Every structure is written in C-alpha cells, then in structure tokens.
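Visitor: The sequence and its predicted three-dimensional model are supplied below.
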Amino acid sequence: MNEDLNRPQGRYFEELTPGTVIRHRVRRTLTEADNVLFTTLTMNPQPLHLDHEYAAATEFGQPLVNSLLTLSLLVGLSVHELTLGTLVANLGMTDVVFPKPVFHGDTIHAESEVLEARGSKSRPHQGLVTVEHRALNQRGEVVAQCKRTMLMQRRDADAEGAAV
C-alpha cells in the first residue's frame, strides 16, 4: 500500500522550512450571497456590504465584500496543502492588511510563504511556524495579507502516535 495515503494532507513542521512558498490549488469566486450571509451572521450592519444604493454612492460604486470574509477565505484556502491534519493550534495573526477591495464575482486564490520555523521548547513533538498568507484576485492583485503563527505537529510525533 502507498504509505503516502496514510499521512495527513497538510505539511508537518519539518516540511515547512523558511522560504518555502506554497501556491494553493483551490480557488473561490465570492458571490453576493456569500457576502450577505457572512455579514449578517456576524451582525455587521455596514451598508457598504449590504446596501447597493448606499454602496453605489461611494468611491467604490458597488458593495464591498466584508474584509473578514476575505480573511477567513484566505486562511481556508490554505488548509488543504498546509495544515489539514497537522495543525495543533493557531497561535495568532498579525500584520493583517487589505490593500485592494474585493467585489462580488472576484475569484480569490492564495499563497503562503514560510517566514520562520522553530521547534517548541515546551512541546518537543511540535514546532512553531509563521507564514505570510496572501490572497490574490483574478488580476493577480494582492487583496489581503497576514502573518499567522501556528503550532504544528512534527512528523516523528505522528509516527509515535504522540501527536495531539
């Protein structure tokens, strides 16, 4: 049997060396329904996201996709090739920016670059990895970016059955 079929889809700590860039394969077109659902679920009454007439009178001329939806999508798009089955915990996000607006119908893809990686002193079967996530639209423009620090499983921990 192919041993690769038994491992998690995400990458272990040892596979995330600084400088590694992962271009995530799954893309997603954001719809108006996505934006209205996310915005109302999170109790955000901002008319920029919900009111076409209001948004038409702004410098954008149309509703904007809620930036926290864009951030959530950015992290979600990274899961398959980065953390699926190998993440212990998210430790935090910093330097979150949204340099370009996102509109209904924009297709977002993501990439992640490993910035730092070090073994955990208190958890020898785990390591800390900081990545920079970038979300790009269909024109290749960066629409969201953040740094995310994660506690990751080590490969040897999985083999010993000691992973969380």
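Guide: In hand now; what should we look at? Numbers count the residues shown, from 1 in each chain.
Visitor: neighbours around the closest residue to Phe13 other than its chain neighbours, how many?
Guide: Nearest-residue entry for Phe13: Gly127, 3.5 Å, with adjacent residues in sequence omitted and distances by CB to CB, 6 or more residues apart in numbering. Every residue, glycine included, has its C-beta placed from N, CA and C. Residues lying near Gly127 (other CB atoms under 10 Å) number 21.
Visitor: Give me the residues contacting the lengthiest helix in the chain.
Guide: In the chain, assigned by DSSP state H, the helix with the most residues is helix 67-82. Helix 67-82 is contacted by residues 9-11, 16, 22, 24-28, 30, 34-35, 38-39, 42, 44, 96, 98, 102, 108-110, 112, 131, 133-135, 143-144, 146, 148 when judged by CB atoms under 8 Å, 6 or more residues apart in numbering.
Visitor: before we move on, back to that, and the residue nearest to Phe13, that one's in a strand?
Guide: Yes. Membership of Gly127 in a strand is supported by DSSP: H, G, I helix; E, B strand; the rest coil.
Visitor: List the buried residues in stretch 127-144.
Guide: Neighbour-count burial for stretch 127-144, with 16 or more other CB atoms under 10 Å as criterion, is recorded at 127-131, 133-137, 143-144.
Visitor: The residue most central in space within the chain and Gly105, how far apart?
Guide: Nearest residue to the geometric centre of the chain (CA atoms, centre = their mean): Val75, 1.3 Å. Distance of Val75 to Gly105, computed by CB to CB, to the nearest Å: 21 Å.
Visitor: Also Ser122?
Guide: 47 Å.
Visitor: And for Glu81?
Guide: Noted for Glu81: a distance of 25 Å to Gly105, by CB to CB.
Visitor: So these two - more neighbours on which side?
Guide: Neighbours were counted for Glu81 and for Gly105 using other CB under 10 Å; Glu81 has more, 18 against 12.
Visitor: How about Ala144, nearest residue that isn't a chain neighbour?
Guide: Once flanking residues are discounted, Ala144 sits nearest to Ala135: 4.1 Å by CB to CB, 6+ apart.
Visitor: give me phi/psi at the one you found?
Guide: When read as degrees, to the nearest 10, the backbone of Ala135 gives phi -110, psi 130.
Visitor: Spit out the contact partners of it.
Guide: By CB under 8 Å, 6+ apart, the neighbours of Ala135 are 70, 73-74, 77, 108-110, 142-145.
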